[in-house]
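Colleague: Got a predicted structure plus its sequence, pasted below:
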Amino acid sequence: MSRETLNTRLLEMFQRTAHVIQRQVCETDDVAEKLTIVQIRTLDELNRRGQMTMADLAKYLGITPASATSLAERLVVSGWLKRETDPDDRRKVRIVIDEDKREVWKSMEQKRLQRISMFLQALSDKEKEDFIRILESLLKQSL
């Protein structure tokens, strides 16, 4: 295969795989709320960090601070997030996952992991390790 054909095929496969994974990740089964992929990415990152400012969220998602504020507002209204004033700088507002939703999030996370595991079961552990190395290399190069 020519380099151009390979690159075209890789792009197609990335897009198709990303679409399937996105569908797997966004399914919420027993949770009434339907979350978008951006909302899920926000909750994932907040779960890792514990809290974020709007500027942190905007930078992480690659969006404007105004868009980050709008996104956070929708998650606040739906009960997923709450706002807290930074104790060191009252001008800063931080967002955190609402305690009432933390258990719901953990349950959703477990189900997402199960669905992704089923999706990846066709790969051996060695293939998964190789795939991780390839993705890490691509991400490192893009930074």
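Modeller: Looks like it came in fine.
Colleague: Okay, strands next: where are they in this protein?
Modeller: Counting by DSSP state E, the chain has these strands, from start to end: 52-53, 81-86, 89-97.
Colleague: Pick the most buried one from those.
Modeller: Here the criterion is mean neighbour count by mean count of other CB atoms under 10 Å, and of those the winner is strand 52-53, at a mean of 18. No exception for glycine: its C-beta is placed from N, CA and C like everyone else's.
Colleague: ok, back up a step: among the strands of the chain, which is nearest residue 18?
Modeller: strand 52-53 (24.3 Å; CB to CB).
Colleague: where's stretch 116-124 relative to the chain centroid, distance-wise?
Modeller: 19 Å (CA atoms, centre = their mean, to the nearest Å).
Colleague: ok, residues contacting it?
Modeller: By CB atoms under 8 Å, 6 or more residues apart in numbering, the residues outside stretch 116-124 that reach it are 20-21, 24-25, 128, 131.
Colleague: 6 Å - rerun?
Modeller: With contacts defined as CB atoms under 6 Å, 6 or more residues apart in numbering, stretch 116-124 is touched by residue 24.
Colleague: okay if I get the strands of the chain as JSON lines plus distance to residue 65 and mean pLDDT?
Modeller: As requested, those are exported to JSON lines (distance: least, CB to CB, whole Å; pLDDT from 0 to 100):
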{"stretch": "strand 52-53", "distance to residue 65": "9", "mean pLDDT": "92"}
{"stretch": "strand 81-86", "distance to residue 65": "15", "mean pLDDT": "91"}
{"stretch": "strand 89-97", "distance to residue 65": "11", "mean pLDDT": "90"}
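Colleague: Same list (the ones you listed) but as JSON lines, adding distance to residue 103.
Modeller: Formatted as JSON lines, the strands of the chain follow (distance: least, CB to CB, whole Å):
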{"stretch": "strand 52-53", "distance to residue 103": "20"}
{"stretch": "strand 81-86", "distance to residue 103": "15"}
{"stretch": "strand 89-97", "distance to residue 103": "10"}
